[in-house]
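**Q** When you get a sec, could you give me coordinates for this:
(6 chains)
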There are 4 protein chains.
Amino acid sequence: MFELKKRGRQIGADGEKSRELLLKIAAKQFALYGFHDTKISAIVKEANVTQPTFYLYFKSKEAIFQELIDLFKAKLHTQVEHSRLTSGIETTGLLQRIATNISLIFQLFQENEQVARIGFFLSTDAIEIKEQMAKQIEENLAVEVENGYFHSNIDLSIVASAIVGVIEHLTLTKLWAGLKTPDELSQEITRLFLYGLIRENE
Amino acid sequence: MFELKKRGRQIGADGEKSRELLLKIAAKQFALYGFHDTKISAIVKEANVTQPTFYLYFKSKEAIFQELIDLFKAKLHTQVEHSRLTSGIETTGLLQRIATNISLIFQLFQENEQVARIGFFLSTDAIEIKEQMAKQIEENLAVEVENGYFHSNIDLSIVASAIVGVIEHLTLTKLWAGLKTPDELSQEITRLFLYGLIRENE
Amino acid sequence: MFELKKRGRQIGADGEKSRELLLKIAAKQFALYGFHDTKISAIVKEANVTQPTFYLYFKSKEAIFQELIDLFKAKLHTQVEHSRLTSGIETTGLLQRIATNISLIFQLFQENEQVARIGFFLSTDAIEIKEQMAKQIEENLAVEVENGYFHSNIDLSIVASAIVGVIEHLTLTKLWAGLKTPDELSQEITRLFLYGLIRENE
Amino acid sequence: MFELKKRGRQIGADGEKSRELLLKIAAKQFALYGFHDTKISAIVKEANVTQPTFYLYFKSKEAIFQELIDLFKAKLHTQVEHSRLTSGIETTGLLQRIATNISLIFQLFQENEQVARIGFFLSTDAIEIKEQMAKQIEENLAVEVENGYFHSNIDLSIVASAIVGVIEHLTLTKLWAGLKTPDELSQEITRLFLYGLIRENE
DNA sequence: AATGAATGAGGCTTCATTCAT
DNA sequence: CATGAATGAAGCCTCATTCAT
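**A** Numbering: from 1, shown residues only, chains lettered A, B, ... in the order given. Next up is the predicted model:
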């Protein structure tokens, strides 16, 4: 009754609430059913609003989907930025350093499952996002090669791509299945990638 | 082994030709556009037949999609069986043996790109197929552990899952992009998985 | 008594108008052409709306057909209930009492020709509806037998079934053809069923 | 091998067999499912022939349906003719005479259930056929009125129509349900129509 | 006498989106 | 801010029927 309409004809408090709600429900349904099998009608039904209301906040089905992708991209970007900063502080050993970074990615996926599913698995942008991710990993690896930690005769682009593939698949089969924690996964795969399977290494 | 699909109609040589043509075109379009964005109307147009003809050979859009998935499953299954047999013949070293097996999988993906895209990336069965694949890999790994070649303190289910993820992603980004051959990829990742990135091993 | 159909959408006055219009036109066309030869496209054309509008109010062609059947069932049920109550008030003679009841049924058919055609002649439920009707008539006859008015050595189930058949057929050939009124028909057949054709009775 | 092809390019022995078979199966399916829900494809499948074969013998779906109707009409016609002749031989009493006639109709329906279902219940001609039947009954009744057996103040067209309705409905609910025999039914309804339900008559 | 293959025509239904209020 | 009502566009599928052999 005494609500403040702050933004003139723009979306106010209630609208923002509806918008967020729709976005949240859309994320859930897209993650669950995929793009095509998610129906605007189903989203608005769960949100208890009508279809035109949906179009008040989103230009189209594609638009809300893209918005969720962008949301994921942003989170991923933030995370990666953060990684960069912390990676400067080399208080820990090589393995621990890498493991921590990987763990943070898993954590991101864990805390944003729906949006990650959309951005990383369902969207057309997924390929590009993963490529981007691989590129960053590759750069990091290159540093370690320069530092003399890693072999120099390995195709880093393949290794980076492999790491992305591993993260991708373990997220799906182990993390989201609730079978492993981000830490467990990152520990395990870091060791694997650093030392390999062969016994004689130990 | 391969059951003949019982059809209401009898189908002769010409019909089989039409059927194969439709199947081939469908594979192409499904691989290209995904399930929903592939229209029966587009398939039949490319095949130069009318829509009812499609339903002469396939019960529904879902049915033809599933048939392609099953086709991929069958090829994969055959390949894996073959792997098992050859893995017994240990004329070569460990690395070469594993590399060969992985290479064969990449070759399968290379030679059946469309159907692999459908079965391995687009279908709902994909998860299950990959899980199956992971399970087989895990079993193979277990043998090597028993033989004393591999570490015993590694979670093999994670390693297997990781390998599947690597194959999956490299297929998409390197193999199908035409950047690497099956042999190159398998060599590289086998070395990676066996010896790891760390230099001191050498 | 009459349950409100739970619909996903809210429907206001205008919508209800469209719905009623569609229902009315559908009744007309179903009655005229039967289920299969009535096309949704024709219904909506006559209603001056587009096809999707139809599906705004009815789940399917089957559904609207069934709704009309149920509508008929409800009317028939109400009528029969009413018959029961009035049959208690024996202010008039036996013949008049029965004739009135039968007349009311004819009136129902006259006033709801389309829906009656659907429910009583075109639907699969028709058999069941008639059986139900026959059962009720049989019960009424049984009372008269107990009261000593009617022969006791007659198979009442046959008589009841016969009465239904008579009503059914006379409705079609005399009532709906506009050749006879409900009263004329009921008078005539009541006398026939009570006293028979033989002259010597008089 | 030594088959005689009597009719040149016309249908020979085998063809005649196919034709009869198709007709028989069509009758069954039409009776069971109605016109629209009977598919040519289903008929030929059950007959173990192909669809073009069907069109070798019948011009269209409508044509074979009509042929079955005509077949029923013919049987009914024959029966009625026969009735006329026997009705001349008045060796028995009035009741018995009428009962016999009605019984013969029920027998016809019993022995030709499928074709009767089609001609008497499913076809558009049904109305006309029944009207025809009613007319004949009315004529017979008129004779009895002239002979002084029946009331003269009864609308015979209504009575005739009523009798048709009774036969129609009892056939469906009692005869084809296997609950009553032609004789039982005809006895019962003849008595009903002649003497009525009222007790005082006896 | 019969078949394998194919099609013209058309029906039902769904869905994202918009209009008017 | 939100709704009731409606629609354009299009997709899947079915069926009676025919062509060429």
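**Q** for chain A, which spans come out with low pLDDT?
**A** Within chain A, the segments meeting pLDDT under 70 span A:1-15, A:84-92, A:199-202.
**Q** run the last query once more with 90
**A** Scanning chain A for pLDDT under 90 picks out the ranges A:1-18, A:77-98, A:140-154, A:195-202.
**Q** quick one: the helices in it?
**A** Along chain A, the segments classed as helices by DSSP state H run A:13-33, A:40-47, A:51-57, A:61-88, A:94-111, A:113-116, A:126-146, A:156-170, A:182-195.
**Q** what's the offset of the shortest one from the middle of its chain?
**A** Right, helix A:113-116. Centroid displacement of helix A:113-116 relative to its chain, using C-alpha atoms, centre = their mean, to the nearest Å, is 7 Å.
**Q** May I have it exported as PDB, CA atoms only?
**A** Extracted C-alpha coordinates of helix A:113-116, given in PDB (Å, rounded to 0.1, in the frame of the first residue of the first chain):
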ATOM      1  CA  GLU A 113      23.900 -26.300 -11.000                       C
ATOM      2  CA  GLN A 114      20.900 -25.100 -13.000                       C
ATOM      3  CA  VAL A 115      22.600 -22.200 -14.600                       C
ATOM      4  CA  ALA A 116      25.700 -24.200 -15.200                       C
END
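**Q** list the helices and strands that helix packs on?
**A** Packing partners of helix A:113-116 (3 or more C-beta pairs under 8 Å, 6 or more residues apart in numbering or on different chains; DSSP states H and E): helix A:13-33, helix A:61-88. From N, CA and C alone the C-beta is placed, and that goes for glycine too.
**Q** A:Q79: neighbour count?
**A** A:Q79 has 17 neighbours, counted by other C-beta atoms under 10 Å in any protein chain shown.
**Q** Using CSV, lay out the helices of chain A together with distance to D:I167.
**A** What follows is those, written out as CSV (distance: least, C-beta to C-beta, whole Å):
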stretch, distance to D:I167
helix A:13-33, 58
helix A:40-47, 53
helix A:51-57, 57
helix A:61-88, 62
helix A:94-111, 77
helix A:113-116, 69
helix A:126-146, 73
helix A:156-170, 75
helix A:182-195, 81
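**Q** Of those helices, give the one that comes closest to C:I69.
**A** Comparing the helices of chain A by their distance to C:I69 (C-beta to C-beta), the top pick is helix A:40-47, with 28.3 Å.
**Q** is any part of the closest one close to chain C?
**A** Yes: Helix A:40-47 reaches chain C (C-beta under 8 Å from any C-beta of the partner chain) through A:S41, A:K45.
**Q** now what about that helix, what contacts it?
**A** With contact meaning C-beta atoms under 8 Å, 6 or more residues apart in numbering or on different chains, helix A:40-47 is reached by A:S18, A:L21, A:L22, A:I25, A:A26, A:Q29, A:T50, A:Q51, A:T53, A:F54, A:K61, C:G8.
**Q** Now do the same contact list for the fifth one.
**A** The neighbourhood of A:A26, defined by C-beta under 8 Å, 6+ apart, consists of A:T38, A:I43, A:I64, A:F65, A:L68.
**Q** Would you map out the domains in chain A?
**A** When chain A is parsed with automatic domain parsing, its domains come out as A:13-58, A:69-201.
**Q** Would you point to the one among those that's packed deepest?
**A** Mean neighbour count (mean count of other C-beta atoms under 10 Å in any protein chain shown) peaks for domain A:69-201 among these, with a mean of 18.
**Q** before we move on, the earlier item: out of the helices of chain A, which is closest to C:I102?
**A** Set against C:I102 and scored by C-beta to C-beta, those come closest in helix A:40-47, at 49.7 Å.
**Q** Format the domains of chain A as CSV; extra columns: distance to DNA strand F.
**A** Below are the domains of chain A laid out as CSV (distance: least, C-beta to the nearest atom of the strand, whole Å):
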stretch, distance to DNA strand F
domain A:13-58, 3
domain A:69-201, 19
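**Q** Out of the ones you listed, which is closest to D:L141?
**A** Comparing the domains of chain A by C-beta to C-beta, domain A:13-58 comes nearest, at 63.6 Å.
**Q** Briefly note if the closest one comes near DNA strand E.
**A** Yes: between domain A:13-58 and DNA strand E, judged by C-beta under 7 Å from any atom of the strand, the touching residues are A:T38, A:K39, A:I40, A:S41, A:Q51, A:P52, A:F54, A:Y55.
**Q** ok, A:L71 - contacts?
**A** If you count contacts by C-beta under 8 Å, 6+ apart, A:L71 has them with A:V115, A:G119.
**Q** That one and A:I118, how far apart?
**A** 9 Å (C-beta to C-beta, to the nearest Å).
**Q** Next: A:Y149.
**A** Taking C-beta to C-beta, one finds A:Y149 at 36 Å from A:I118.
**Q** swap in A:H36?
**A** Separation of A:H36 from A:I118 (C-beta to C-beta): 13 Å.
**Q** Just want the most central residue of chain A.
**A** A:A116 (4.4 Å; C-alpha atoms, centre = their mean).
**Q** what's near enough to touch the closest residue in space to that one that isn't next to it in sequence?
**A** Nearest-residue entry for A:A116: A:F109, 4.8 Å, with adjacent residues in sequence omitted and distances by C-beta to C-beta, 6 or more residues apart in numbering or on different chains. Applying C-beta under 8 Å, 6+ apart to A:F109 gives the contacts A:A116, A:F120, A:T171, A:L175, A:W176, A:P182.
**Q** Would you confirm that the last one contacts A:L175?
**A** So that's A:P182. Yes: shown here, A:P182 and A:L175 form a contact pair, counting by C-beta atoms under 8 Å, at 6.8 Å.
**Q** Overlap in contacts, the two.
**A** Residues touching both A:P182 and A:L175 by C-beta under 8 Å, 6+ apart: A:F106, A:F109, A:Q110.
**Q** Settle this for me: the last one is touching A:L175, isn't it.
**A** Yes: using C-beta under 8 Å, A:Q110 is in contact with A:L175, at 5.9 Å.
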